[in-house]
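Trainee: Quick check, what structure comes out for this input:
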Amino acid sequence: MIILTKIIPGYSAWRTAGSKSLLIVMTSIIILSGCMLGKDYSRPQVDTPGNWRFEEKDALALANTSWWKQFQDPVLNDLIRTSLQENKDVRIATARVEEYMGKLGVTRADLFPQVGLGAGAGRQRLTEVGPTGWNPTTQPTSYTFQGNLNANWELDLWGKIRRATEAARADLLSTDEARRAVIMTLVASVANGYINLLNYDQQLVIARETLKSRKDSLEIFQKRYAGGVISELELNQSRSEYEDARAVIPQLEKNIAQQENALNLLLGRNPGPIPRGRTLDELVLPAVPAGIPSDLLDRRPDVRQAEQNLVAANARIAVAKALYFPSISLTGAFGFASAELNDLLTGPAKTWNYAASLTAPIFTAGKIKGQVKQAEALQEQALVKYLQTVQAAFKEVDDSLVDQRKYRERLAVQGEQVTALRNTRRLAGLRYDNGYSSYLEVLDAERSLFNGQLSQVQTKGNLFQSLVNVYKTMGGGWITEADKMASGYTEKKPAPSP
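Mentor: Model prediction:
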């Protein structure tokens, strides 16, 4: 420093001024680091209906409870619990959440200085011949020892890294909502699959009872034909109806086996039988959950997922715009280097350096402009997708509400119809026995009763499934309750904003 003062006039004053200038620059950097490009996210306006078109007056606030327990079937409860713990889609979705937690950590780390450690030791021998040969005053072999800490830090002057972190955080939340959507769909699928299985069981019972009845009639007709009481035509008509009922049974048994296999896939199991609890007639009909349309924006995981995708797309516009501005990085290193290990940590062996670099685009041939345009287009797509998802959610809820209402009405009508068909079958039998009509009238009555009974069972199953779909489409706290039952996932909050 003394030599520089003598050689460079005014060096001391320059050094003092330089220190002040450096302080000013660093202060400016700190102030600028609070700048953020781009607009902060705000939820877009959504055209929300005031109420449901098919709103239920007797609806109850049950959307935050484990609604499947209202069926009062412990087997169904066990199946849902098993599926949440073993289903492969849930496990994949959980692993994806972990993946995006890692991505958030990688992105957020750029906000902070990156520090590393380096160390090395070596030995070399110089050649004693040639133009760069060994100097006789030195040893031909030598050692080198060194150790240092190095650091680098990109100053986030324009909020590029912070916006990238915001986007990564939104991606994480979106992925977690996707996992919750898988849980929502899984619970509804298991409940609907189980109801469908009980539906087939009930139809099989009706088919077997009908087959037994027709078999008894066929045996009577065979005896009457042998006695010459009836014609061969009437015998063949009776046999035809018997075979018709018998042909239904293999189809229903196939449906049952395939439905069991479908349920086992949801349960994460190999194909096999599924236990039963209550019959379809014994299931308790769940109540209709209450809710208003605006609640869906916060209750449905698929809607929240679409919104988080919009948040991420909005933040990435700022990341792209930040490429127009200069980037400043600080680097530094401190360590020791010595030819002798004993001297490595001494003062004379000390080494250090620090530097600052600035890079800024001058001419990119429209590359940055294209990146900004791309980010803005992706944000527009995410916005439209969000609005589309909201509208689809409104439609699904309204559809499920009208389904359950109309299935109730249809089931009541079919109950009256089946009663009338039983009376018709009884009266047709009496008319035939007394010689007032042909056996064809009895066959028509039996066929109509059989079809009416099967249709009534199908409608009852559809009614139960429509109520399952009401809970599914409305979303709510029940998804959190199901989430708690799922294994292999520990809920972790995203990293707080820096």
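Trainee: The lengthiest strand in the chain: partners in the sheet, and parallel or antiparallel?
Mentor: Secondary structure assigned by DSSP state E gives strand 141-155 as the longest strand of the chain. The strands that strand 141-155 pairs with in its sheet are strand 114-125 (antiparallel), strand 327-338 (antiparallel) (by DSSP bridges).
Trainee: Quickly compare these and say which is most buried.
Mentor: With neighbours taken as mean count of other Cβ atoms under 10 Å, those reach their highest mean count in strand 327-338, at a mean of 16. Yep, even glycine has a C-beta here, placed from its N, CA and C like the rest.
Trainee: now the angle from the very next helix or strand once past it to strand 327-338?
Mentor: Next in sequence after strand 327-338, counting helices and strands by DSSP states H and E, comes strand 350-359. Angle of strand 350-359 versus strand 327-338, following axes from the mean of the first three to the mean of the last three Cα atoms, to 10 degrees, is 160 degrees.
Trainee: what does strand 350-359 rub up against?
Mentor: 146, 148, 326-337 (Cβ atoms under 8 Å, 6 or more residues apart in numbering).
Trainee: what bits of the stretch 301-450 of the chain have low per-residue confidence?
Mentor: 343 (pLDDT under 70).
Trainee: residue boundaries of the helices in it?
Mentor: For the stretch 301-450 of the chain, the helices defined by DSSP state H, counting those that start in this stretch occupy 301-321, 367-433, 439-474.
Trainee: helices or strands up against the first one?
Mentor: In other words, helix 301-321. helix 160-226, helix 296-299, helix 367-433 (3 or more Cβ pairs under 8 Å, 6 or more residues apart in numbering; DSSP states H and E).
Trainee: Report the contact partners of the residue positioned nearest the centre of the chain.
Mentor: For the chain, the residue sitting closest to the mean C-alpha position, by Cα atoms, centre = their mean, is residue 178 at 1.9 Å. By Cβ under 8 Å, 6+ apart, the residues touching residue 178 are 93, 96, 301, 305.
Trainee: Farthest pair within those residues?
Mentor: 96 and 301 (13.9 Å; Cβ to Cβ).
Trainee: out of those two, which sits in the busier spot?
Mentor: Ranked by neighbour count (other Cβ atoms under 10 Å), residue 96 and residue 301 place residue 301 first, with 21 against 16.
Trainee: Surely the more buried one and residue 474 touch.
Mentor: No. Judged on Cβ atoms under 8 Å, residue 301 makes no contact with residue 474 at a distance of 11.9 Å.
Trainee: circling back to that earlier point, would you tell me which of the helices of the stretch 301-450 of the chain gets closest to residue 204?
Mentor: Nearest of the helices of the stretch 301-450 of the chain to residue 204, taken as Cβ to Cβ: helix 439-474 at 9.9 Å.
Trainee: So which bits of that closest one are buried?
Mentor: Of the residues in helix 439-474, 439, 441-443, 445-450, 452-454, 456-474 count as buried by neighbour count, 16 or more other Cβ atoms under 10 Å.
Trainee: and the angle for that helix with helix 160-226?
Mentor: 170 degrees.
Trainee: quick check: angle from helix 439-474 to helix 367-433?
Mentor: Interaxial angle of helix 439-474 relative to helix 367-433 (the same axes, to 10 degrees): 150 degrees.
Trainee: Show me what helix 439-474 is packed against.
Mentor: Here helix 439-474 touches helix 160-226, helix 232-266, helix 367-433, going by 3+ Cβ pairs under 8 Å, 6+ apart.
Trainee: Quick one: mean pLDDT for the second one?
Mentor: Mean pLDDT, helix 232-266: 92.
Trainee: Can you list the buried residues in that helix?
Mentor: If you call a residue buried by 16+ other Cβ under 10 Å, then helix 232-266 has these buried ones: 234-235, 237-238, 241-242, 244-245, 248, 252, 255-256, 259-260, 262-266.
Trainee: With stretch 75-93 instead?
Mentor: For stretch 75-93, by 16+ other Cβ under 10 Å, it's 76-77, 79-84, 86-87, 89-91, 93.
Trainee: how many other residues sit next to the nearest residue to residue 36 once chain neighbours are set aside?
Mentor: Distances taken as Cβ to Cβ, 6 or more residues apart in numbering place residue 159 nearest to residue 36, at 3.5 Å, with adjacent residues excluded. Neighbours of residue 159 under the rule other Cβ under 10 Å: 23.
Trainee: C-alpha coordinates for the longest strand of the chain, CSV please?
Mentor: C-alpha atoms of strand 141-155 as CSV (Å, rounded to 0.1, in the frame of the first residue of the first chain):
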residue,chain,number,x,y,z
THR,A,141,10.4,-33.7,-6.9
SER,A,142,7.9,-31.4,-5.1
TYR,A,143,4.7,-31.6,-3.2
THR,A,144,1.6,-29.4,-3.3
PHE,A,145,-1.1,-29.1,-0.7
GLN,A,146,-4.2,-26.9,-0.9
GLY,A,147,-7.6,-26.4,0.7
ASN,A,148,-10.2,-23.7,0.0
LEU,A,149,-13.8,-22.5,0.4
ASN,A,150,-15.5,-21.1,-2.6
ALA,A,151,-18.8,-19.3,-3.0
ASN,A,152,-20.9,-17.8,-5.7
TRP,A,153,-24.2,-15.9,-5.6
GLU,A,154,-26.4,-14.5,-8.4
LEU,A,155,-28.1,-11.4,-7.1
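Trainee: For that strand, give me every contacting residue.
Mentor: Applying Cβ under 8 Å, 6+ apart, the contact partners of strand 141-155 are 29, 33, 110, 112-126, 161, 327-341, 344, 351.
Trainee: could you redo the last one with a cut-off of 7 Å?
Mentor: Residues outside strand 141-155 that contact it (Cβ atoms under 7 Å, 6 or more residues apart in numbering): 29, 33, 110, 113-125, 327-341, 344, 351.
Trainee: how does the chain divide up, domain by domain?
Mentor: When the chain is parsed with automatic domain parsing, its domains come out as 32-111+157-325+367-485, 114-155+327-359.
Trainee: Would you mind finding the most buried of the ones you listed?
Mentor: Per residue and on average, the most neighbours among these fall to domain 32-111+157-325+367-485, with a mean of 18 (mean count of other Cβ under 10 Å).
Trainee: Show the contacting residues for residue 287.
Mentor: Residues near residue 287 by Cβ under 7 Å, 6+ apart: 60, 62, 70.
Trainee: I figured the last one hits residue 284, correct?
Mentor: Yes. Taking contacts as Cβ atoms under 7 Å, residue 70 lies within contact range of residue 284: 6.2 Å.
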